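Student: the sequence and its predicted three-dimensional model are supplied below.
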Amino acid sequence: MPQVRVPASRGGRLSLAQRAQRVRRARRARRGGDGWAAALCLAPALTVIGLFVVYPIVATGRLSLTTWDGASPEQVFAGLANYVRMAGDPEFRNSLLVTVLYGLGVTVLGVASGLGLAVLLNAPLRGLALYRGIFFLPVVTSSIAVATVWKYLFGQDGPMGGLTGLNWLGDPYLALLSLTLLTVWKQLGLNVVLYLTALQAIPPQLYEAAALDGAGGWQRLRRITVPLLAPMTFFVIIEGLIATFQGFDLVYALTQGGPLGGTEVLGFLVYRTAFSSGEFGYAATIAYAGFALVFGLSWLQWRLGGRSQWS
Amino acid sequence: MRPTHFFPLALTALLAITACGSTGTSTPTGNTTELTVWHYWDGNNAQVFERLAKDYERAHPRIALKIVTVPGADLLTKLQTAAASRTLPDVAIGDLVWVPRLAATGRLADLKPHIPASTWNDIYPEMLKFGSSGGKQLSIPVSANTLATMINTDLYAKAGLDPAKPPKTWEELSAAAATIKDKTGKPGFELYTQPGDSGEGVTWNFQVNLWQAGGEFLTPDNTKAAFNSEAGRKALGFWVDLIREGASPLGPWGAFEKGAAASAQEGSWMVGIWKDKPPFPFAAAPIPYPADGEPATNMGGEQAVVFSTSPHVKDAAAFLGWFSDQSLGWSKATGFLPTRRSVAGGADYLGSLDPLMKPFVEALPTARARPATPLYPKVSMAFAKEVEQAVHGKKTVDAALADAEREVNAILAAG
Amino acid sequence: MVLTARHVRPRRPRRRDVPRHAVLLAASVVVVAPFCWMVTTSLKQFPHVNQPPFLWPGEFEWGNYAEAMSAAPFARYYLNTAVMTLGIVAGHLVLDTLAAYALARLRFPGRNAIFLALVATMLVPTFLTMLPAFDLVVRLGWYDSWTGLIVPRLADAFGIVVLRAYMQTIPVELEQAARVDGAGRLRVLLRVIVPLCRPALATVAVFSFLFGWNDFLWPLLVTSDDDARTIQLGLAVFTGKYSPYPQLLMAGTVVAAIPAVGVFLVLQKALVRGLAATGVKE
């Protein structure tokens, strides 16, 4: 089994001047450091994010404890009634299952297709920029636009329907598959470019050393490429989870959650509950559950190995 | 452009933006009163409406009308967010089923005192129920529509059927659909099978068949489901059979409109939309009903409301009263059906009627309207989900209706 | 499959590229086909919309574009979208850079907590924030204005995360040298850090542009006047209205998509470089 040596982390020995610098900085950090400069730099961005993201999250939290219908002047406090209702709501359970399947499909297929194509592109090749540009096309096109196109393509009388003889949008499982494929297709370019850049940052010496030790292509992929790409994989998975757990535009334009609730992801359920059924309080509760879930999954991901990305 | 230049460029843009602030909104000058009207009509209908608004401004120089189109279902979304944060327009014109919902917000003004009794008496009573609340009238119907069968005459001809003699009964419809499937490979009659985000596509189409079979959707006081009856089972059985025989496609709505199904139950507005540029040659016909049943159709339409937050309730109501009086010209120019009985029965209107519109207008006397309750959207969704279960064969007709009844009763009981 | 032949054997015969090309071409076809269908359909005469050819235009009915464009004030929509998008891009570049600098380089209590909180906000669904945020915009009197479209989105966590990661790869020594020469924090940021961050800034600019250009829900809520509407809203009117007329629907879709595709093509290289630098830890 070939042994691959990863270069030791830099640092090790410090010059006197560097050591003095560190001591100074540490002392300053204890006194509050660059507090003022930091406050000035952070203030504008944190004001915007605080006002338009953080405050609304808190406000919605309050909403989830009411039975507000979205329009009445008064918001009746209902305690945890919405949360109790959610725990026993078959629509919520179905939506959760659909969202998890969708998230799983999108992340697995997204990682596989992104990594696969990036590996193929990670070597001098004629037309590399062209391929990269092509793969990126769906990323830059609006969700409403691409979903409109896919709805025609996957319709029973559309090319995909005609080609396969399947009723893609009329069967709950096939509809979820269509939605998953559409999402993977939409994000493909981003995943390819992300992986490509990560691949190009892997020091060539590692592969040379491994090749000298007699490692084959598959060995090199398993022992070098995959471990070193872990931070990027983490990023790709998180992006996929966010896209699927918050996903709305694609579902809205492709399937409207149907058939038989087969594509009713949480984002769509929240929308329908709030704006069609007029249950804003309950919708806020479901939105909170979805948020908690994606937050928990991301945290788990982070604990399991993506941590270096952020540290 | 190289990315190098991007940063300074963007910075200048930011400065430019913060300096110029918001876009100018027109403010009323002098003693003009500006009324803002939100509606969702588009294309020709929007143009006719704006032309009428101009006429009104000319006749009433004190009034300026600001007409705003909000696309389709987004109007309700916008009205809800607006109601929550005091940005309501003076007037909104939307689907009649929204009216009880908007009324429940307590923000609608009573129009009764501002519009003459003769106007109210002339409007179809079935439509007035949506805005009537404790002696008040919170909305005024401004357009009506009905459902009828629309036929792709090309596909009918290809199947060897005469489009001028469309099926009259459910039995004939099933037979025709079988022939069409056989000869063209395409479904003969499209049903609305997916609830989507509101359920209404399924529910309001189904109600037609329910009424035809002699059934009722809710009890007269809107407190309980009434569809779990012999008539309900018959109507749902009809749907399930059509799907099972391949007479109807099981998928997103729109096959007929794309030319992939030979007929469908469509709204009268489609005639207006397709008039100038039909996607294929089409005809309209009365909706087939069971041999032992009765004809029926579902009446929809738009109604206008004035928000009590408006400082100009009286002016807004006056405009709407005038708008209702334009029923004849408005109906002729748009293809909407008249809301005024004197117009719909008048020679002026009938004489100039597009033959394609005839089945829709002739159905008016048999037309019913959906229950007027603010809970209707929830009821509609719950019902549609059960119908979907049945047409997919996941539940029997009996089980689907029983489950729907239980859910709908729970919704109505919870209030 | 040889994965990283570049590093092992720098030059190799073209013939061996054939399998790679085959796979990449197949993937390209899958990606491009829907776009071909879109453009082809947008150029068909009405009666033929559901007939082949599907992927390569057999006819060129440019009138579809004129008709689609005349259905809505597209020029005004374009202008509004351009102003809004530029505002968002500029805001992200300035505000995100400042915040990223503080989080990457300055020492202060709660730094990690603030950063993690920012990362967490990336996971927040829009629906959670939509109603209260909208309410706030109305209270501030920004309804139906460019201010309402732009200011709430002037900063975002994604840009901060990307820029911070990139800044951390810049050797501290460069900055220290400038500081020893007596430069203040702001000067260091503007003269040293910002120029070195260009690729990351380009990445942020591209993502912000795409976000702004393709955003639908927020503009829908905060505008009601045709004068303030954006292109995606125009497209939404289309999809409802023209579903029986795919050729017009697709013409409108192409019109709405072109600027985003154009910006990407222009900035493609910078984007890739920026991502290359931020995605991986050294």
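Tutor: That came through fine.
Student: neighbours around the closest residue to chain A within the stretch 301-415 of chain B, how many?
Tutor: Sorted by distance to chain A under CB to the nearest CB, the residues of the stretch 301-415 of chain B start with B:K378, at 5.0 Å. All C-beta spots, glycine's among them, are computed from the backbone N, C-alpha and C. Counted with other CB atoms under 10 Å in any protein chain shown, residues neighbouring B:K378 total 22.
Student: that one: what's it in contact with?
Tutor: Contact criterion CB atoms under 8 Å, 6 or more residues apart in numbering or on different chains gives A:277-279, B:411 as the residues in contact with B:K378.
Student: with secondary structure and neighbour count added, can I get those residues in a markdown table?
Tutor: Compiled in a markdown table, the contacts of B:K378 are given as follows (DSSP: H, G, I helix; E, B strand; the rest coil; neighbours: other CB atoms under 10 Å in any protein chain shown):
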| residue | secondary structure | neighbour count |
| --- | --- | --- |
| A:S277 | coil | 23 |
| A:G278 | coil | 23 |
| A:E279 | coil | 22 |
| B:I411 | helix | 20 |
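Student: may I see these organised as CSV, with pLDDT and distance to B:A304 added?
Tutor: As requested, those are arranged in CSV below (pLDDT from 0 to 100; distance: CB to CB, whole Å):
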residue, pLDDT, distance to B:A304
A:S277, 79, 24
A:G278, 77, 21
A:E279, 84, 26
B:I411, 93, 28
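Student: among the residues you listed, which pair sits farthest apart?
Tutor: Taking CB to CB as the measure, these reach their widest spread between A:G278 and B:I411, a distance of 11.7 Å.
Student: need the pLDDT of B:A159.
Tutor: B:A159 is assigned 94 on the pLDDT scale.
Student: quick check: it touching B:T179?
Tutor: Yes - judged on CB atoms under 8 Å, B:A159 makes contact with B:T179 at a distance of 5.3 Å.
Student: which of the two has more neighbours?
Tutor: Remark: of B:A159 and B:T179, B:A159 carries more neighbours, 20 against 16, as counted by other CB under 10 Å.
Student: residue contacts, the more buried one?
Tutor: B:176, B:179-180, B:182-184, B:188, B:262.
Student: which one of those is nearest A:A145?
Tutor: Within the contacts of B:A159, the smallest distance to A:A145 is 30.5 Å, found for B:A262 (CB to CB).
Student: that closest one: neighbouring residues, count only.
Tutor: Each residue near B:A262 was counted by other CB under 10 Å, and the total is 31.
Student: how close does it get to chain C?
Tutor: When CB to the nearest CB, to the nearest Å is applied, the distance between B:A262 and chain C equals 15 Å.
Student: okay, now the nearest residue to that residue once chain neighbours are set aside: neighbour count?
Tutor: Using CB to CB, 6 or more residues apart in numbering or on different chains and skipping residues adjacent in sequence, the residue nearest B:A262 is B:L155, 4.0 Å away. Applying other CB under 10 Å, we find 25 other residues in the vicinity of B:L155.
Student: by contact count, what packs against whichever strand or helix holds B:L155?
Tutor: Under DSSP states H and E, the secondary-structure element containing B:L155 is helix B:153-158. The helices and strands touching helix B:153-158, judged by 3 or more CB pairs under 8 Å, 6 or more residues apart in numbering or on different chains; DSSP states H and E, are helix B:170-184.
Student: heading C-terminal from the host helix or strand of A:K186, find the next helix or strand.
Tutor: Remark: A:K186 resides in helix A:172-200, with elements defined by DSSP H and E. Counting by DSSP H and E, the element after helix A:172-200 in chain order, helix or strand, is helix A:204-212.
Student: any part of the following helix or strand past that next one near chain C?
Tutor: If you walk from helix A:204-212 toward the C-terminus, the next helix or strand you reach (DSSP H and E) is helix A:217-220. Yes - judged by CB under 8 Å from any CB of the partner chain, helix A:217-220 comes into contact with chain C through A:217, A:220.
Student: tell me which residues in helix A:217-220 are buried?
Tutor: Judged by neighbour count (16 or more other CB atoms under 10 Å in any protein chain shown), helix A:217-220 contains these buried residues: A:217, A:219-220.
Student: and for stretch B:217-225?
Tutor: For stretch B:217-225, burial by neighbour count (16+ other CB under 10 Å) applies to B:217-218, B:222, B:225.
Student: give me the nearest residue to B:P195, chain neighbours excluded.
Tutor: The spatial neighbour of B:P195 that comes closest, neighbours along the chain excluded (CB to CB, 6+ apart), is B:A384 at 3.7 Å.
Student: doesn't the one you found lie inside a helix?
Tutor: Yes - residue assignment for B:A384, taken from DSSP: H, G, I helix; E, B strand; the rest coil, places it within a helix.
Student: out of the contacts of B:A159, flag the one nearest to B:A144.
Tutor: When these are compared for distance to B:A144 (CB to CB), B:A262 comes out closest, at 27.2 Å.
Student: I'd say the closest one and B:D182 touch.
Tutor: No - under the criterion of CB under 8 Å, B:A262 makes no contact with B:D182, lying 11.7 Å away.
Student: contact residues of the stretch 1-150 of chain C facing chain B?
Tutor: Counting by CB under 8 Å from any CB, the stretch 1-150 of chain C sits next to chain B at C:46, C:50, C:71, C:83, C:86-87, C:89-91, C:93-94, C:131, C:134-135, C:138-139, C:142-148, C:150.
Student: measure the residue nearest to B:P195 to chain C for me?
Tutor: Taken as CB to the nearest CB, the spacing of B:A384 relative to chain C amounts to 20 Å.
Student: okay but that residue is in contact with B:W204, surely?
Tutor: No - B:A384 is not in contact with B:W204 according to CB under 8 Å; the separation is 9.4 Å.
Student: who's more crowded, those two?
Tutor: More crowded of B:A384 and B:W204, by other CB under 10 Å: B:A384, with 26 against 22.
Student: helices of the stretch 251-400 of chain B, residue ranges please.
Tutor: Counting by DSSP state H, counting those that start in this stretch, the stretch 251-400 of chain B has helices at residues B:269-275, B:313-325, B:327-334, B:341-344, B:347-351, B:358-362, B:376-391, B:397-414.
Student: export those to a markdown table and tack on distance to C:A27?
Tutor: Output for those, formatted as a markdown table (distance: least, CB to CB, whole Å):
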| stretch | distance to C:A27 |
| --- | --- |
| helix B:269-275 | 40 |
| helix B:313-325 | 57 |
| helix B:327-334 | 49 |
| helix B:341-344 | 60 |
| helix B:347-351 | 60 |
| helix B:358-362 | 50 |
| helix B:376-391 | 36 |
| helix B:397-414 | 44 |
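Student: tell me the most buried of those?
Tutor: Mean neighbour count, computed with mean count of other CB atoms under 10 Å in any protein chain shown, is highest for helix B:376-391 among the helices of the stretch 251-400 of chain B, reaching a mean of 24.
Student: contacts for the helix or strand harbouring B:V99?
Tutor: Using DSSP H and E, B:V99 maps to helix B:98-103. Applying CB under 8 Å, 6+ apart, the external contacts of helix B:98-103 come out as A:71, A:278, B:76, B:79, B:83, B:92, B:94, B:108, B:130-131, B:133, B:138-139, B:303, B:305, B:372-374, B:376-377.
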